[in-house]
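> quick one, structure for this:
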Amino acid sequence: MPDSRFSPYVGLGVNYTIFYNEGGGRSPGITRFDIEDAWGFALNAGVNYEITPNWLANFDVKYIFLSPDVRVNGGAVTGSADLNPLVLGAGVRYRF
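Numbering: from 1, shown residues only. Predicted coordinates for the structure are as follows:
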């Protein structure tokens, strides 16, 4: 919609998540757990709104499908965690 100030969009993409500071557990016998970095698919929908010809506002929502492997006490992979975050975003951008 090149002539509109309001420009919605949808998308499908790839996500890579890096986990850090996993630490120890709260259950007896679990001294350390690790979540491995993982790839996942992401759905995205949003809108750009042109405030002026150079300034735009952006609002979007992403749903990420993520199932990283999990290790407990430094051992072998013990399973996977279904982490499917819903990420809300807002931003301002300037066009040159």
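> residue 43 is in contact with residue 15, isn't it?
No: using CB atoms under 8 Å, residue 43 makes no contact with residue 15, being 10.1 Å away. (Each C-beta comes from the backbone N, C-alpha and C, glycine too.)
> strands of the chain, start to end?
6-17, 33-35, 38-50, 55-65, 69-72, 77-80, 86-94 (DSSP state E).
> in the first one, what counts as buried?
Meaning strand 6-17. Buried residues in strand 6-17, counted by 16 or more other CB atoms under 10 Å: residue 15.
> for the fourth one, same thing?
Applying a neighbour-count criterion of 16+ other CB under 10 Å, the buried positions in strand 55-65 are 56, 60, 62, 64.
> before we move on, what about the longest one?
Buried residues in strand 38-50, counting neighbours by 16+ other CB under 10 Å, are found at 38, 40, 42, 44, 46, 48.
> strand partners (parallel or antiparallel) of it?
strand 6-17 (antiparallel), strand 55-65 (antiparallel) (DSSP bridges).
> now render those as TSV, adding distance to residue 29 and mean pLDDT.
Output for the strands paired with strand 38-50, formatted as TSV (distance: least, CB to CB, whole Å; pLDDT from 0 to 100):
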stretch	distance to residue 29	mean pLDDT
strand 6-17	27	96
strand 55-65	31	97
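> and those strands as JSON lines, adding distance to residue 30?
Below are these laid out as JSON lines (distance: least, CB to CB, whole Å):
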{"stretch": "strand 6-17", "distance to residue 30": "22"}
{"stretch": "strand 55-65", "distance to residue 30": "26"}
